[in-house]
Structure formats: structure tokens, C-alpha cells
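Peer 1: Pasting a predicted model and its sequence here:
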Amino acid sequence: MQHVKKALALAAGGLCVFAVATAQLADSNRVYRENRQVEVMSQFINLKLALSNDIEQLSVRTATEKFNLYPNGNAYFKLSLNYRFIALNFKFAPDFLAGTADNNSKGKTRFQGIGTDFNFKRSFHQLSYRRTKGYYLDNTADFNPAWRPGQPYFQFPQLQFTQFQLVSGYNSNPAMSLNSLMVQTERQLKSAGAFLPHITMRYYVVDDKTALTGNNSSQRSRNFEWTITPSYVYNHVMKNDFYLAGGGGAGIGVLFTRLDTRLPTGTIQQRSEDFVFRWHLRSGIGYNGTRIFSGAYFDMQGANFRQENTTATNREVRIFYSLFAGYRLNAPTQLKRLTDKASRLI
């Protein structure tokens with residue numbers, strides 16, 4: 001009996017030593033920064049799929065009329081491939097998301113986009129392109145009193161929105177990992193917040209490409225907007241893997257617009273410069289495990305600007321969501337070497 005007890009004790013001790021050694025080995029393969037407040041998932045490639053309804057809606061106001069132009073369907077998928085400080089994403093809206101059952105009454109909308117992120121400890125940069133084609137007039141009843149729900153809306157199948165956007169900002173606290181919230185290439189292990197001032201530059205074109213027949217007209221508006229926005233974000237971590245995040249900001253800028261009105265007799269050009277005030281709020285909840293991550297973000301954005309040479313003030317408020325889930329795959333050795341070389345050059 002004594003021998004059995006000694007054998008069991010030795011076995012238990014051996015298992016403890018093995019467990020401790022395994023844990024130490026596993027921990028030695030992990031990469032941390034900021035006094036272990038952030039874990040860098042540099043050995044993985046992230047594959048993420050998100051569902052969002054952040055598709056541009058257009059609101060056009062004149063002195064006497066208002067046009068609410070909506071796409072047919074307001075959701076799209078965003079597929080992202082993220083590795084270390086580099087992120088690529090592709091946006092697309094399949095027919096089953098675009099509301100094909102309403103094609104007869106609302107027309108057909110096509111949406112696509114692409115973007116890339118470069119996020120570092122102290123700075124972040126986002127470059128994106130998106131295009132939406134095909135809109136309908138949501139307030140058709142304002143222009144056709146005989147219109148009733150279920151009847152076709154006024155449709156603008158050749159109306160196209162195209163945007164290029166660049167966002168560059170500064171992270172005042174590298175212990176607050178933006179990568180853990182935006183692209184999930186890191187894990188926030190301890191709660192932290194940061195001041196995030198950033199500048200946004202947008203160039204967007206709204207173009208009605210309807211052919212002129214001699215009895216109609218069309219318009220194209222080319223817009224360049226820049227804003228400077230001080231903002232703040234806080235990430236509250238619960239048991240390492242779960243988190244609650246929130247933040248917001250407000251900024252000011254200028255919108256430069258060139259409007260071309262195309263008539264059968266020629267084109268009339270107008271230019272304007274408008275002061276812009278923008279604000280945003282964001283909240284989110286998520287799970288950021290070693291291999292699997294998921295979450296949900298909710299955003300509210302608003303803008304106020306006065307149209308030049310008029311007394312009208314435009315106010316826009318948008319609310320949208322993003323639901324996402326992803327998985328981390330082991331990164332190829334060759335990719336690690338290439339990014340290591342790139343990191344040393346940055």
C-alpha cells in the first residue's frame with residue numbers, strides 16, 4: 001500500500017511539473033507589450049466576416065423641397081484579412097441582402113468597397129473606397145400625392161455615390177490597443193482608455209448618369225471635405241476575454257462642393273464652401289479569445305452644415321450597427337519574415 005501511495009504521489013508530482021512546464025512554454029511563445037496590458041497576436045492571421053448597414057443614404061434639400069434618396073437594401077458583408085499592423089477588407093452586398101423582392105418597387109442597388117488599415121502603437125491610418133449605384137425616392141408621396149404604399153417609388157437607377165476616404169490619427173496611450181477593437185490583431189488584457197485626435201479627408205461624388213433626352217436634366221456634385229476631430233475611447237476588460245468599449249468625439253471642418261447641372265443647352269456650374277460640424281458616438285461588446293473572436297458595435301453619427309448663399313441648415317443623423325465574428329489562423333513562416341523586415345523599416 002505504501003508503494004502505491006508513493007507511486008501516486010510521484011505521478012501527481014510529475015503531472016504538476018509537466019503542467020507548469022507546458023504552461024511556461026506556452027506563455028513563453030506569447031508576445032506582450034505595455035507591461036503585459038496588451039497581448040500581440042503576431043503569430044496569427046485573422047479572418048473576419050462582419051455584417052453592417054452602413055450604406056450611404058443621400059439627402060438633397062432645396063429652398064422648397066427635400067429629396068430622401070435611399071439604396072434598395074441597407075446591409076452588406078465585410079470580409080477582412082488582418083495580420084499584425086496590416087489590414088485589408090472587402091465590402092459586398094449579395095442579392096439576398098439587397099432586398100431583391102423589392103426590385104420592382106425600389107429598383108436595384110449595387111454596392112462594393114475596399115479598404116486597408118495600418119495601425120501602430122501611436123498612430124492609425126485608414127484608407128477606403130466605396131461605390132453605391134441605384135437609389136429610390138423614399139418620400140415619393142411628397143411629389144406624387146396619389147402614391148400609396150406598395151406602389152413603385154420614383155427610381156434613380158443611374159444615380160451613383162462614389163467615395164474615397166483617408167483617416168489618420170494619434171493614439172495618446174499605446175496601452176489602449178486600437179488593434180484589439182478595430183482589427184483584433186491584439187488582445188486588451190487590462191482596461192484602458194485613450195485620447196484619439198484624428199483628421200478625416202473625404203472626396204465623394206454624387207452623379208446622376210441618366211442620359212439627356214432633350215426633356216430632362218441631371219446633376220453631378222463633387223465634394224471634398226476635411227474635419228479635425230478630438231475623440232476618446234475606453235475599453236473595459238472583463239476576465240481577459242470579454243470587453244465593453246465606448247467612446248465618442250466631435251469635430252469641425254470645411255466642405256467644398258462643385259455642382260454641375262447638365263441641361264440640353266449646356267452645363268451650369270456652382271461652387272460653395274460650407275462649415276461642417278460632425279459628431280459620433282460608439283459602443284460595443286465583444287469576446288476576444290486566443291483563436292475565436294466576435295462582437296457587436298453600434299454607432300450614431302451626426303452632421304450640421306449651412307448651405308452657402310441660403311438660410312437652410314442641413315442636419316443629418318445616422319444610426320448603424322456592425323456584427324462580426326472571426327478566427328485566427330497560424331501565419332506562414334515566410335509572411336512572418338517579410339513583416340519582420342517591414343517592421344524594422346517603419
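Peer 2: Nice, thanks for sending it over. Numbers count the residues shown, from 1 in each chain.

Peer 1: How far does stretch 139-159 sit from its chain's centre?
Peer 2: Stretch 139-159 sits 31 Å away from the centroid of its parent chain (CA atoms, centre = their mean, to the nearest Å).

Peer 1: ugh, wrong one, I meant stretch 315-331
Peer 2: On CA atoms, centre = their mean, the centre of stretch 315-331 falls 7 Å from that of its chain.

Peer 1: Spell out the residue ranges of the strands in the stretch 201-346 of the chain.
Peer 2: Here the stretch 201-346 of the chain has its strands, by DSSP state E, counting those that start in this stretch, at 218-229, 231-238, 242-263, 266-288, 292-306, 313-330.

Peer 1: now what about stretch 239-248, what contacts it?
Peer 2: With contact meaning CB atoms under 8 Å, 6 or more residues apart in numbering, stretch 239-248 is reached by 180-181, 187-189, 193, 196, 231-238, 279-289, 297. In this view, the C-beta of every residue, glycine as well, is placed from N, C-alpha and C.

Peer 1: ok, now with 7 Å
Peer 2: 181, 188-189, 231-237, 280-289 (CB atoms under 7 Å, 6 or more residues apart in numbering).

Peer 1: same check, this time on stretch 79-94
Peer 2: With CB under 7 Å, 6+ apart as the criterion, stretch 79-94 contacts 42, 45-49, 73, 75-78, 111-120, 130, 183-185, 331, 335, 339.

Peer 1: ditto for stretch 249-260
Peer 2: By CB under 7 Å, 6+ apart, stretch 249-260 touches 219-232, 267, 269-280, 305.

Peer 1: Now with 8 Å, please.
Peer 2: Contacting residues not belonging to stretch 249-260 are listed as 196, 200, 219-232, 267-280, 305 [CB under 8 Å, 6+ apart].

Peer 1: Over to stretch 224-238?
Peer 2: Contacts of stretch 224-238 (CB under 8 Å, 6+ apart): 176-178, 180-181, 188-204, 243-256, 276, 278, 280, 282.

Peer 1: from memory residue 107 sits against residue 155, does it?
Peer 2: Yes. Residue 107 is within contact range of residue 155, at 3.8 Å (criterion: CB atoms under 8 Å).

Peer 1: show me where this protein has helices.
Peer 2: 2-28, 103-106, 178-182, 333-345 (DSSP state H).

Peer 1: Out of these, which gets the lowest mean score?
Peer 2: Among the helices of the chain, helix 2-28 carries the lowest mean pLDDT, a mean of 44.

Peer 1: My understanding was that residue 263 contacts residue 215; is that so?
Peer 2: No. Counting by CB under 8 Å, residue 263 sits too far from residue 215 to count as a contact (10.7 Å).

Peer 1: Tell me which of those two has more neighbours.
Peer 2: residue 263 (12 against 6; other CB atoms under 10 Å).

Peer 1: how close does the more buried one sit to residue 271?
Peer 2: 18 Å (CB to CB, to the nearest Å).

Peer 1: what's the answer for residue 134, then?
Peer 2: 28 Å.

Peer 1: measure residue 42 to residue 173 for me?
Peer 2: For residue 42 relative to residue 173 (CB to CB), the value is 21 Å.

Peer 1: Just the pLDDT for residue 100.
Peer 2: 48.
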